[in-house]
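Q: only the shape, not the letters, is given here:
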């Protein structure tokens, strides 16, 4: 057996692969072969490290050196310098943006310091396409323990005791959900994994499936054991090709080892998993819509009850859990409910994975204990706002969530606290906005998304959201009135109260929370016809400062619509009625005489 | 692939597979382990550092001492090659010179296991990055 002295981990998440991490892996392998070190150095393609901002990531063990923004052509130097000569390649190490110190070990990086990785425990650590590496890290041990040493009810009790709540956004206690499904008698039951991650900016489920697919398969089998189901279905959107490939590999390997299939580990328990592909509709993340989509029907929600636990897929009892929820299960079984429920806050146990995005320095995937504050996430882990700009708002929970401001930064994040301040956990998207973002346009953007994604079954959602979007659009054009603001609020409340499913019940949240937290900004749009952030084009005006203009004529020569006039060596003037606000004049002016007002 | 037939089978398999992942597990928490760096520049290799390194990796594993052995570049003590740096948790790193297999054995037995000092210590006169 080969005994490697060094391991090189290359990130194989979608983000890093898009930046050529596959080529890096190949070049590393070639360089190693050229030096005859194949038996000493192992190159492993892992799942996402989370630090997508600085990808592609290459980590060298055992000295735990964390290289960032590696390019394929760096491979040879890494082998020559680090592996052979033992010298770290300084230019590829991470530099702390604050004190400019070079950090070689990821453990000392602000991004990783506050994180506790439970759901992401194997991401960026094992090769997701190698079941042996998963087994070496206690993989399938939890399933084995459940089958050999626990009854279905004791497993359910353990999950209940752990305090695990649904990570897809609902926050429903997982153990309770399993118990409902277990209590309903039927000849056939189903376990469904909801991998229809649809929030803009969220990619935690994708990363778990790409980095640690077996943990989800194992948890589904455990769930099947508790409720008496022998069939698992993973509903995944077709636009996650890498996650699909890795799941397929994982299912095949698990079957070959007999960890899926008949008589698992000699226990007599049968369980197998199949994949179902979604076309990427947001509403299909709602469990009833998801089930209909799997049945080949239109992805439309239906009224609950009956809950899926009673009548789900093909009318049979079905338990639907999100990917991240499943990824927590094996750890809870292995380490015990009492280990798990010590992590987190009083009402929410364990950790939550967030996808940090927007105007933040460290874009990426993080996992923190419940109860961590927004400030810690944004400033300590996220490294603060890009380009030293001012923080304005953070949008949590995707299009169904709300915008939180400076005053909410010290709110400990958990399901209830976020709802209390007018937002929600959702699946864990977190989009940070700075002073250049216009809150009205932001609300409009999310409404655009929900209008597009509304299935159209119920009127409040289909028509109400469309009207909301129209009013917001009117405001961004500077044609809104103060009455429109009241109308926005009324309409939002009606949509929330009368929509059939979660999509419509939450879609006005971005409008309501921006109205609550940024009312001034709405007022300045409708009364002064100004957009302070400078995002609403219709409200902007390009103006030439006559003091600064030297009359070089550069602007007028570059204006595509000839709306700038003025004599040579005299101050110029923009005809705002003709101006198309393309910004070409401002770009060309060498004297900073043109500004936006 | 053979089927895994029971929980006992699975556990046995895990034990076997674990050694392959050992290196990765250990580097998760290097501060709690003995860290040995072997100077493996031309001068070191010419004086037998490679054999010493292999000896250290195999022997510490055999003797049940959790150790991370890494190679490093020239430490600058070309007069005393092979040189190794040993960092026992909670202690300052110590550099040993002229380490052949016999000396390496002594270092493992006396210094690492029992905390006794061994001849051949070179005073450290540099700072490392981390």
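A: Structure received. These numbers come from a predicted model, not from an experiment.
Q: what does stretch A:85-94 contact?
A: A:54, A:58, A:65-70, A:74, A:77-78, A:81-82, A:102-104, A:106, A:109, B:37, B:39-41, B:70-73, B:129 (Cβ atoms under 8 Å, 6 or more residues apart in numbering or on different chains). In short, each C-beta sits where N, CA and C put it, glycine included.
Q: okay, and which of those residues map to strands?
A: For the contacts of stretch A:85-94, the ones inside strands are A:58, A:65, A:66, A:67, A:102, A:103, B:37, B:39, B:70, B:71, B:72, with DSSP state E as the criterion.
Q: between those residues, which is closest to residue A:384?
A: Among these, residue A:103 lies closest to residue A:384 (Cβ to Cβ), at 16.5 Å.
Q: show me where the chain dips below the pLDDT cut-off.
A: Looking at chain A here, since you left the chain open. Counting by pLDDT under 70, chain A has low-confidence residues at A:1-3.
Q: actually, chain B is the one I wanted.
A: Applying pLDDT under 70 to chain B flags residues B:1, B:124-130.
Q: again, 90 this time
A: B:1-5, B:15-130 (pLDDT under 90).
Q: how about the helices in it?
A: B:7-27, B:42-46, B:49-62, B:101-106, B:114 (DSSP state H).
Q: of these, which is nearest residue A:371?
A: Residue A:371 lies closest to helix B:7-27 among these, at 28.4 Å (Cβ to Cβ).
Q: can you lay out the helices of chain B as JSON lines showing distance to chain A and mean neighbour count?
A: Listed next are those as JSON lines, based on distance: least, Cβ to the nearest Cβ, whole Å; neighbours: other Cβ atoms under 10 Å in any protein chain shown:
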{"stretch": "helix B:7-27", "distance to chain A": "4", "mean neighbour count": "17"}
{"stretch": "helix B:42-46", "distance to chain A": "9", "mean neighbour count": "18"}
{"stretch": "helix B:49-62", "distance to chain A": "7", "mean neighbour count": "18"}
{"stretch": "helix B:101-106", "distance to chain A": "16", "mean neighbour count": "16"}
{"stretch": "helix B:114", "distance to chain A": "24", "mean neighbour count": "7"}
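Q: if I read this right, residue A:125 contacts residue A:44, doesn't it?
A: No. Judged on Cβ atoms under 8 Å, residue A:125 makes no contact with residue A:44 at a distance of 9.1 Å.
Q: those two: who's more crowded?
A: Shown here are residue A:125 and residue A:44; by other Cβ atoms under 10 Å in any protein chain shown, residue A:125 has more neighbours (24 against 21).
Q: hmm, back to that, for PyMOL, what selects the buried ones among the ones in strands among the contacts of stretch A:85-94?
A: Entered in PyMOL, the line below selects the buried ones among the ones in strands among the contacts of stretch A:85-94, by 16 or more other Cβ atoms under 10 Å in any protein chain shown:
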select buried, (chain A and resi 58+65+66+67+103) or (chain B and resi 37+39+70+71+72)
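Q: and the ones in strands among the contacts of stretch A:85-94 as JSON lines, adding distance to residue B:83?
A: Output for the ones in strands among the contacts of stretch A:85-94, formatted as JSON lines (distance: Cβ to Cβ, whole Å):
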{"residue": "A:58", "distance to residue B:83": "28"}
{"residue": "A:65", "distance to residue B:83": "21"}
{"residue": "A:66", "distance to residue B:83": "26"}
{"residue": "A:67", "distance to residue B:83": "26"}
{"residue": "A:102", "distance to residue B:83": "25"}
{"residue": "A:103", "distance to residue B:83": "26"}
{"residue": "B:37", "distance to residue B:83": "9"}
{"residue": "B:39", "distance to residue B:83": "5"}
{"residue": "B:70", "distance to residue B:83": "14"}
{"residue": "B:71", "distance to residue B:83": "12"}
{"residue": "B:72", "distance to residue B:83": "9"}
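Q: what is the nearest of the ones in strands among the contacts of stretch A:85-94 to residue B:54?
A: Nearest to residue B:54 among the ones in strands among the contacts of stretch A:85-94, with distances taken as Cβ to Cβ, is residue B:71, at 10.9 Å.
Q: pretty sure the closest one contacts residue B:45?
A: No. If you go by Cβ under 8 Å, residue B:71 and residue B:45 don't touch, sitting 9.5 Å apart.
Q: over to residue A:222. Which of the three states is it?
A: Assigned with DSSP: H, G, I helix; E, B strand; the rest coil, residue A:222 falls in the helix class.
Q: please name the nearest non-neighbouring residue to residue 80.
A: Let's take chain A. Closest residue in space to residue A:80, ignoring its immediate chain neighbours: residue A:31 at 7.4 Å, by Cβ to Cβ, 6 or more residues apart in numbering or on different chains.
Q: hmm, I had chain B in mind actually
A: Leaving aside its sequence neighbours, residue B:80 sits nearest to residue B:97 (Cβ to Cβ, 6+ apart; 2.9 Å).
Q: which residues of the stretch 251-400 of chain A fall in helices?
A: A:287-294, A:323-335, A:337-340, A:374-375 (DSSP state H, counting those that start in this stretch).
Q: closest one to chain B among those helices?
A: helix A:323-335 (11.6 Å; Cβ to the nearest Cβ).
Q: elements contacting the closest one?
A: With contacts taken as 3 or more Cβ pairs under 8 Å, 6 or more residues apart in numbering or on different chains; DSSP states H and E, helix A:323-335 sits against helix A:141-149, helix A:152-162, strand A:190-195, helix A:204-211, helix A:213-227, helix A:337-340.
Q: domains in the chain, as residue ranges please.
A: Here I'm looking at chain A. A:6-110, A:131-341, A:351-434, A:439-528, A:540-596 (the TED database).
Q: wait, chain B
A: Split by the TED database, chain B gives B:1-28, B:34-122.
Q: just send those back as TSV, with distance to residue A:212 too.
A: Output for these, formatted as TSV (distance: least, Cβ to Cβ, whole Å):
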stretch	distance to residue A:212
domain B:1-28	14
domain B:34-122	25
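Q: buried stuff in stretch A:532-551?
A: In terms of neighbour count (16+ other Cβ under 10 Å), stretch A:532-551 has its buried residues at A:532, A:533, A:535, A:536, A:537, A:539, A:540, A:542, A:543, A:544, A:549, A:551.
Q: out of those, which sit inside strands?
A: In this view, these that belong to strands under DSSP E are A:542, A:543, A:544.
Q: which among those gets closest to chain B?
A: residue A:542 (50.5 Å).
Q: apart from its chain neighbours, what residue comes closest to that closest one?
A: In space, residue A:542 is closest to residue A:574, 5.4 Å off (Cβ to Cβ, 6+ apart).
Q: pull the residues that contact stretch A:281-294.
A: For stretch A:281-294, contacts defined as Cβ under 8 Å, 6+ apart pick out A:168, A:192, A:194, A:196-198, A:233, A:235, A:237, A:276, A:278, A:298-302, A:304, A:308, A:312-313, A:318, A:320, A:399, A:427, A:449-450, A:453-455, A:501-503.
Q: ok, back up a step: quick check: the residue nearest to residue A:542 touching residue A:561?
A: No. Using Cβ under 8 Å, residue A:574 is not in contact with residue A:561; the gap is 10.3 Å.
Q: and these two? Which one has more around it.
A: Between residue A:574 and residue A:561, counted using other Cβ under 10 Å, the more crowded position is residue A:574 (20 against 11).
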